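Asks: Would you be able to build a 3D model of this:
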Amino acid sequence: GHSLSDLRDASIVLDTFDRLSKDSGDSKKLQPLRSGLQRQKRAKEEAVDEAQTLRHAADCLKEVGERVHQWTLASDGFEAIADGLRTEYRDGRKAMGRATRADDSLLFHEWRKHAKNLLFHIRLLGNILPESLQRQEKELHQLETALGDDHNLLILRQHLDSHRKGFG
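Replies: Below is the predicted model of the structure:
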């Protein structure tokens with residue numbers, strides 16, 4: 001994931017800008033700014049050796065895949081994920097508290113990571129979810145999306161702030 005973060009962020013910056021400018025109703029005035037963002041995204045893409053990056057990612061996945069058979073579970077059924085579910089829920093609540101008290105975008109991003117992990121835990125339960133957890137899964141997905149949007153806006157803002165001269 002880290003090896004792809006620059007490319008991901010370049011895409012996020014442009015996608016977030018497009019979503020905002022579409023809603024602004026004044027996309028013609030914003031076209032020069034979009035063109036600059038697009039040039040920067042292309043430059044990042046050209047600076048990366050795509051084949052080497054993909055080989056590296058494949059090698060990492062292969063290495064993990066070779067270790068999977070060594071993983072052990074202490075129990076079967078729900079108990080196999082119960083501790084992780086409880087821990088992620090508790091850690092997510094703590095992250096929420098820190099983020100809302102400090103009103104810090106980076107802490108909101110940490111909260112998002114916990115929300116996303118909890119969502120993955122719940123999805124592991126698949127079709128056996130009780131109706132109450134199915135509702136919570138939908139709400140958790142909405143929360144994770146909203147926190148993701150917040151982080152994307154932060155990345156766009158930081159990018160624009162750090163490249164002011166490049167956009168006139």
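
Asks: which residue ranges form the helices in the chain?
Replies: With DSSP state H, the ranges of helices along the chain come out as 5-24, 27-47, 50-67, 79-102, 105-124, 131-162.

Asks: and of those, who's closest to L73?
Replies: Among these, helix 79-102 comes nearest to L73, with 4.7 Å by C-beta to C-beta. For the C-beta atoms, the positions are set from N, CA and C on the backbone; glycine is no exception.

Asks: what is the orientation angle of that closest one with helix 105-124?
Replies: Angle, helix 79-102 to helix 105-124, by axes from the mean of the first three to the mean of the last three C-alpha atoms, to 10 degrees: 160 degrees.

Asks: The helices of the chain into JSON lines, with extra columns for mean pLDDT, mean neighbour count and distance to L73?
Replies: Formatted as JSON lines, the helices of the chain follow (pLDDT from 0 to 100; neighbours: other C-beta atoms under 10 Å; distance: least, C-beta to C-beta, whole Å):
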{"stretch": "helix 5-24", "mean pLDDT": "84", "mean neighbour count": "15", "distance to L73": "31"}
{"stretch": "helix 27-47", "mean pLDDT": "85", "mean neighbour count": "13", "distance to L73": "41"}
{"stretch": "helix 50-67", "mean pLDDT": "89", "mean neighbour count": "10", "distance to L73": "15"}
{"stretch": "helix 79-102", "mean pLDDT": "91", "mean neighbour count": "14", "distance to L73": "5"}
{"stretch": "helix 105-124", "mean pLDDT": "90", "mean neighbour count": "18", "distance to L73": "12"}
{"stretch": "helix 131-162", "mean pLDDT": "88", "mean neighbour count": "15", "distance to L73": "21"}
